[in-house]
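> I'll drop the sequence and a predicted model, then ask my questions.
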Amino acid sequence: MEFSNPYNSNDREDDPFVDVPDDEPVTIESDPDPDAGFVEEPEAPTRQQRSGGGGGGSRRPPRRSGRGGGSSQDKQQLMVRRAIALGAGLLVVILLVFGAKGCLDARKNRSLEDYANNVTQIVNETNALSESFLGRLSDPGELSVTEFTSEIQSDRSAMDGFLSRVEKLDTPGDMESAQDTLTLVYQLRAGAMNTIADSMSTALGTEGADRARRQIAAQMEVLAAADVLYNRVTRHQIDNTIAANGASAPEMPRSEFIPNPEEWISVDAINGALDGVSGTTSTEDPEDGLSHGTGIDPASSVTIAGIALSPDTTNTVPAGTTPTVDVVVQNQGEATENDVTVSVSVDGGSALEQSIPEIAAGATGTASIPLTPAPSGQVTLDVVVDAVPGESITTNNEASYTVDFG
């Protein structure tokens, strides 16, 4: 039996597996990769239909709302704007605060500078007073006792005026400590000048002159101590306060009312100065051909707080009354008397003195002497008017009283 060779093309007609061609040939191609070159068309989105609607028409897909990402962006911009506005407002507030502070600082500095300038003026005037005061003591020239004493009284008044001006200074808060020490300086100076002025006429006389000159020397030492306080404390307090606040003012001047204390704080120095005053009071007869004499009326010349004292009875002075003794002295001579000294003592204690600068012939003068310390209970009060040069009768120059201080 013969078999046909399937691979023999010549046997195609006899091959039972060969398809008989149809009217149109069919070509089948085999592809090992069925997906190669095949692009799948995207599926068209499903269109929504109106609910309940019967229409078959299609609608456009709804637009996506712009409030999603857009809303977040708007909020961010709003926050940025608010931050900018807040920063601007804060900047304005800061500028206002610094502006106000600058104004306050400027005003404060002006007050500090004004204070320093006012103190400088007072100090310079005080230094000028020192020159005239010490110059007068060093060389009194031809001044009489009365003239010399009168000028010392003027110096005392000038120092009292300085103290008053210091106490009335418009003091900034930062200068309170400096103001306290400055006030103390001028209180010491004014007190010393008051004592010197009150003692001067006695120091230029004979009765009580030594004691009065010791008092003057002691007060010169007080003046020197006040200089130290000002130069070492007050002056630096003011300068440091000015610098600490950034203010501008010249450095405070030094103030030395007694530039060379060793030349003035001893009794010998005071003796040397006062011995040069011409016309020093003396008990010797002035040989002017005139009668001289002073006296008091025991029944009316001595008063305390307006109450006339009588030597013949116990005089009661109400409690709380200022114990100042006023003594009216009459010039019973023909000549003008200068520097009439009046003294008061309690129960024989130390005498308190005051001088009447001048009493014209036939006129009267009054000495007012505070009793310090103030007496209490019943005491004996002695009043004495020192004899003037050329006075021979002194029986009416003194009186004694019994006084009960309430």
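Yep, it's here.

> ok so P357 is a strand residue?
Yes: secondary structure of P357, determined by DSSP: H, G, I helix; E, B strand; the rest coil: located in a strand.

> what about this protein, any weak spots by pLDDT?
For the chain, applying pLDDT under 70 flags the ranges 1-70, 95-106, 108, 278-287, 321.

> show the contacting residues for L371.
Under the criterion of Cβ atoms under 8 Å, 6 or more residues apart in numbering, the contact list for L371 reads 323-325, 344, 346, 352. Bear in mind the C-beta positions are built from the backbone N, C-alpha and C, glycine included.

> can you give the domain ranges for the chain?
95-274, 294-405 (automatic domain parsing).

> make a markdown table from those domains and add distance to S71 to it.
Compiled in a markdown table, these are given as follows (distance: least, Cβ to Cβ, whole Å):
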| stretch | distance to S71 |
| --- | --- |
| domain 95-274 | 36 |
| domain 294-405 | 91 |
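
> for Q73, find the nearest of these.
The closest approach between Q73 and any of these, judged by Cβ to Cβ, belongs to domain 95-274 at 33.2 Å.

> distance from the chain centre to that closest one, please.
Relative to its parent chain, domain 95-274 has a centroid offset of 18 Å by Cα atoms, centre = their mean, to the nearest Å.

> of all the domains of the chain, which lies closest to K75?
Ranking the domains of the chain by distance to K75, with Cβ to Cβ as the measure, places domain 95-274 first at 30.5 Å.

> quick one: buried ones out of the contacts of L371?
323, 325, 344, 346 (16 or more other Cβ atoms under 10 Å).

> quick one, helices of this structure?
69-138, 145-167, 176-203, 209-229, 235-244, 267-274 (DSSP state H).

> okay, those helices in TSV with distance to V317 next?
TSV is the format used below for the helices of the chain (distance: least, Cβ to Cβ, whole Å):
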stretch	distance to V317
helix 69-138	38
helix 145-167	29
helix 176-203	24
helix 209-229	28
helix 235-244	45
helix 267-274	37
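
> which one of the buried ones among the contacts of L371 is nearest G333?
Taking Cβ to Cβ as the measure, G333 lies nearest V344 of those, at 23.2 Å.

> show me the contacts for A116.
Taking Cβ under 8 Å, 6+ apart, we find A116 in contact with 238, 242, 247, 249-250, 252.

> one more: V267?
Contact partners of V267, counting by Cβ under 8 Å, 6+ apart, are 213-214, 217.

> closest to G333 out of those residues?
Looking at those and their distance to G333, the nearest is R213, at 27.5 Å (Cβ to Cβ).

> hmm, I270 and the closest one touching each other?
Yes: R213 is in contact with I270 according to Cβ atoms under 8 Å; the separation is 4.9 Å.

> okay, and the common contacts of these two?
If you check R213 and I270 against Cβ under 8 Å, 6+ apart, the residues they both contact are A203.

> just to revisit the earlier point, looking at the helices of the chain, which is nearest to T303?
Closest to T303 of those, according to Cβ to Cβ: helix 176-203, at 20.2 Å.

> which parts of the closest one are buried?
For helix 176-203, the buried set under the neighbour-count rule, 16+ other Cβ under 10 Å, comprises 178-179, 181-186, 188-203.

> if I look at the residue most central in space within the chain, how far off is Y115?
The central residue of the chain, meaning the one whose C-alpha is nearest the mean C-alpha position (Cα atoms, centre = their mean), is M175 at 2.4 Å. Taken as Cβ to Cβ, to the nearest Å, the spacing of M175 relative to Y115 amounts to 5 Å.

> swap in A243?
Computed with Cβ to Cβ, the distance linking A243 and Y115 is 14 Å.

> these two: who's more crowded?
Here A243 and Y115 are compared on neighbour count by other Cβ atoms under 10 Å; more neighbours surround Y115, at 24 against 12.

> quick one: residues contacting the more buried one.
So, once contact is read as Cβ under 8 Å, 6+ apart, Y115 ends up touching 169-172, 175, 238.

> change it to 7 Å
By Cβ atoms under 7 Å, 6 or more residues apart in numbering, the contact set of Y115 is 169-172, 175.

> drop anything exposed from the residues you listed.
For these, burial is judged from neighbour counts taken by 16+ other Cβ under 10 Å, and it is met by 169, 171-172, 175.

> span of stretch 329-338 from start to end?
In terms of Cα to Cα, to the nearest Å, the two terminal residues of stretch 329-338 are separated by 12 Å.

> ditto for stretch 160-178
Its start and end residues considered, stretch 160-178 measures 20 Å (Cα to Cα).

> which parts of stretch 131-148 are buried?
Of all the residues in stretch 131-148, those buried under the rule 16+ other Cβ under 10 Å are 133-134, 136-137, 140, 143, 145-148.

> how about the nearest residue to T380, chain neighbours excluded?
Of all residues not flanking T380 in the chain, D347 sits nearest, at 5.4 Å (Cβ to Cβ, 6 or more residues apart in numbering).

> isn't the one you found right up against V379?
Yes: proximity of D347 to V379 meets the contact threshold set by Cβ atoms under 7 Å, at 5.3 Å.

> need the residues that contact stretch 146-160.
Stretch 146-160 is touched from outside by 129, 133, 136, 140, 189-190, 193-194, 196-197, 200-201, 204, 277, 338-339, 357-358, with contacts defined as Cβ under 7 Å, 6+ apart.

> swap that for stretch 186-196, please
Taking Cβ under 7 Å, 6+ apart as the criterion, the residues outside stretch 186-196 that touch it are 152, 155-156, 159-160, 162-163, 166, 215-216, 219, 222-223, 225-226, 257.
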